[in-house]
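Trainee: Below are the sequence and a predicted model for it; my questions follow.
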Amino acid sequence: MIDQKVILIGTVLAVALVVVFGMLIPLVGGVIALIVAGVVVGYLVNQNIKIGAVHGALIGLFTGIIYILIIYAISGFSEKIVGGLIIYSLGSIPVYILIGLGGGILGSVMKTRQQAVDAILEDSEETSSSKDNDE
């Protein structure tokens, strides 16, 4: 099931980070922003890796579309720019989707590992407390 709240949070975060990192680090700023947003979304979903990947891919899709619209608005809605934007969007949106997908997988794996470690620690605490009670 797709969590719309997490998608909205991730998209807003990704767009804000793409704009900020795009100004600070022009070549790789968008990639870093999408990976960070994908990791956050994958972590927030808190289910399994597949769901994290789907949410990350959706973040990449929506961020790519919004970024194209921002570029179109900045260019002054010029008809000359539209052809270049179509070609750019055909190349960049799939890349954004794949980067978001990778970030979503990373976030889901991080959350799954954290839950596994927490479960192991809880079991060890229960075992040590039961041994203390036996003595």
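Mentor: Yep, it's here. Note that the structure is predicted; figures quoted are calculated from it, not measured.
Trainee: Work out for me the element residue 103 sits within.
Mentor: Assigned by DSSP states H and E, residue 103 falls within helix 79-134.
Trainee: Please compute how far that helix lies from its chain's middle.
Mentor: Centroid separation for helix 79-134 versus its chain: 8 Å, with C-alpha atoms, centre = their mean, to the nearest Å.
Trainee: Kindly report the same for stretch 75-82.
Mentor: That offset, for stretch 75-82, works out to 30 Å (C-alpha atoms, centre = their mean).
Trainee: so what's the residue nearest the centre of the chain up against?
Mentor: For the chain, residue 38 is the residue whose C-alpha lies nearest the centre (C-alpha atoms, centre = their mean; 1.1 Å). Residues counted as contacts of residue 38 (C-beta atoms under 8 Å, 6 or more residues apart in numbering) are 10, 14, 56, 59-60, 99-107. C-betas here are computed from N, CA, C, even on glycine.
Trainee: repeat that with 7 Å
Mentor: 56, 59, 99-100, 102-104, 106-107 (C-beta atoms under 7 Å, 6 or more residues apart in numbering).
Trainee: I'd like a version of the residues you listed in JSON lines, one that adds pLDDT, distance to residue 4 and neighbour count as further columns.
Mentor: Formatted as JSON lines, the contacts of residue 38 follow (pLDDT from 0 to 100; distance: C-beta to C-beta, whole Å; neighbours: other C-beta atoms under 10 Å):
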{"residue": "56", "pLDDT": "93", "distance to residue 4": "15", "neighbour count": "34"}
{"residue": "59", "pLDDT": "94", "distance to residue 4": "12", "neighbour count": "33"}
{"residue": "99", "pLDDT": "95", "distance to residue 4": "21", "neighbour count": "25"}
{"residue": "100", "pLDDT": "94", "distance to residue 4": "16", "neighbour count": "32"}
{"residue": "102", "pLDDT": "95", "distance to residue 4": "22", "neighbour count": "19"}
{"residue": "103", "pLDDT": "95", "distance to residue 4": "18", "neighbour count": "32"}
{"residue": "104", "pLDDT": "94", "distance to residue 4": "15", "neighbour count": "32"}
{"residue": "106", "pLDDT": "94", "distance to residue 4": "22", "neighbour count": "20"}
{"residue": "107", "pLDDT": "94", "distance to residue 4": "17", "neighbour count": "28"}
